[in-house]
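Student: One predicted model, sequence on top.
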Amino acid sequence: MKDSFRQNVDHISKERPRVSEHTIPLVSAGTILDPNGQVIYKEYLPSQRLRSFVARYSVAISQAPIESLFLHRVIPDGCVHIIFNFNHSLDRHGFVIVPVTKAQFIPFSGYILTIGIRFLPGSAPYFLHNHIRSLGNQPVSLEDVLGPADSRILSEELQQVDSVEKRMEILDEYVFQRIAGGNRDMDDSLNHALYLIHANKGNIRVSDLAKRLQISHRQLGRQFDMWIGTSPKTLCRIVRFQNYLKTLESTSQPDTLSAALDSGYYDQSHLIHEFKVLYGTLPSLVTSTGHLS
């Protein structure tokens with residue numbers, strides 16, 4: 001059985017281009033806003049066999065219960081996220097987050113232990129065994145996606161082990177087998193579209209994208225709706241902003257004007273608007289500290 005799983009994943013990986021080289025978000029999608037440094041947040045690469053599908057796994061854990069409420073910032077990155085939650089301050093053991101189009105803040109308190117999967121754009125349907133469009137635009141309970149039994153068993157396995165490395169092994173094996181059990185395949189034109197968007201750092205017109213791919217604007221939008229969960233224009237916005245953040249992070253004293261111009265922002269009011277929507281605050285409040293937080 002394991003050999004057949006491996007053959008199926010290998011087949012999918014070979015048939016579709018390795019979009020991971022072009023679509024891994026340049027800036028971490030989640031930033032723990034914990035002023036007291038009580039929460040440790042780390043990201044881990046998946047095994048080599050899954051790097052065409054999974055961008056990162058993540059773990060957030062507190063060394064002791066957190067008395068005051070703090071926020072987990074979610075920055076749009078075009079990815080589908082699955083979060084396993086072992087924190088009683090939230091009302092679900094796990095949920096699927098479709099690609100967000102504006103910054104979100106998830107409140108946490110008490111003892112923190114969350115484990116996440118960040119799928120590359122277009123890869124989540126292989127795991128979900130369904131298109132993104134079927135999820136709607138709100139977080140979905142993990143039980144509704146995996147089924148009550150699988151969701152409970154996997155959550156219990158992840159919670160029972162005390163080694164982060166072991167948790168990653170369990171999660172990686174489960175994702176591997178789940179993807180191998182699916183039968184969906186992305187259209188080549190969508191893979192090419194993802195490549196062009198990231199190669200141009202988000203600075204490409206949707207009309208030019210459709211023309212390059214020799215498909216209609218409507219066809220392109222329908223493919224994005226099913227596989228990515230955003231429109232092509234929205235993904236371009238997200239990629240452009242991610243590149244801007246990457247430029248800011250590359251130096252301790254960022255030149256915000258040069259970074260904006262290099263990223264394709266030629267109007268200050270446009271940049272300020274995008275920053276407020278996609279990061280959740282004004283750029284001046286971030287760049288004045290010399291780092292993103």
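Tutor: Nice, I can see it.
Student: which regions of the stretch 51-200 of the chain lie under the pLDDT threshold?
Tutor: For the stretch 51-200 of the chain, the stretches flagged by pLDDT under 70 are 87-92, 184.
Student: which residues in it form strands?
Tutor: Assigned strands in the stretch 51-200 of the chain, in chain order: 54-62, 66-74, 80-85, 94-97, 104-110, 113-119, 140-141 (criterion: DSSP state E, counting those that start in this stretch).
Student: For Gly221, find the nearest of those strands.
Tutor: strand 80-85 (18.2 Å; Cβ to Cβ). C-beta here means a position set from N, CA and C on the backbone, and glycine is covered the same way.
Student: Tell me the helices and strands packed up against the closest one.
Tutor: strand 94-97, strand 113-119, helix 124-128, helix 142-146, helix 148-160 (3 or more Cβ pairs under 8 Å, 6 or more residues apart in numbering; DSSP states H and E).
Student: List the neighbouring strands of it plus their orientation.
Tutor: According to DSSP bridges, strand 80-85 forms sheet pairs with strand 94-97 (antiparallel), strand 113-119 (antiparallel).
Student: hmm, who's touching it?
Tutor: Applying Cβ atoms under 8 Å, 6 or more residues apart in numbering, the external contacts of strand 80-85 come out as 29, 74, 92-99, 114-119, 123-124, 127-128, 132, 142, 145, 154-155, 158, 229.
Student: distance between it and the chain's centre?
Tutor: Remark: strand 80-85 is offset 10 Å from the chain centroid, using Cα atoms, centre = their mean, to the nearest Å.
Student: and Ile215, how many neighbours?
Tutor: Burial of Ile215 is recorded as 17 neighbouring residues (other Cβ atoms under 10 Å).
Student: three-state assignment of it?
Tutor: coil (DSSP: H, G, I helix; E, B strand; the rest coil).
Student: Contact partners for it?
Tutor: Ser189.
Student: rewinding a little: for the strands paired with strand 80-85, which one sits closest to Tyr265?
Tutor: With Cβ to Cβ, the closest approach to Tyr265 among those belongs to strand 113-119: 25.6 Å.
Student: circling back to that earlier point, who wins for proximity to Pro65 among the strands paired with strand 80-85?
Tutor: Closest among these, using Cβ to Cβ: strand 113-119, at 11.1 Å.
Student: got the CA coordinates for whichever strand or helix holds Tyr41 in PDB?
Tutor: Under the criterion of DSSP states H and E, Tyr41 resides in strand 39-44. Output of strand 39-44 as PDB, limited to C-alpha atoms (Å, rounded to 0.1, in the frame of the first residue of the first chain):
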ATOM      1  CA  VAL A  39       5.600  32.200  22.600                       C
ATOM      2  CA  ILE A  40       8.100  30.400  20.300                       C
ATOM      3  CA  TYR A  41       7.100  30.300  16.600                       C
ATOM      4  CA  LYS A  42       9.100  28.200  14.100                       C
ATOM      5  CA  GLU A  43       8.700  27.000  10.600                       C
ATOM      6  CA  TYR A  44       9.900  23.700   9.100                       C
END
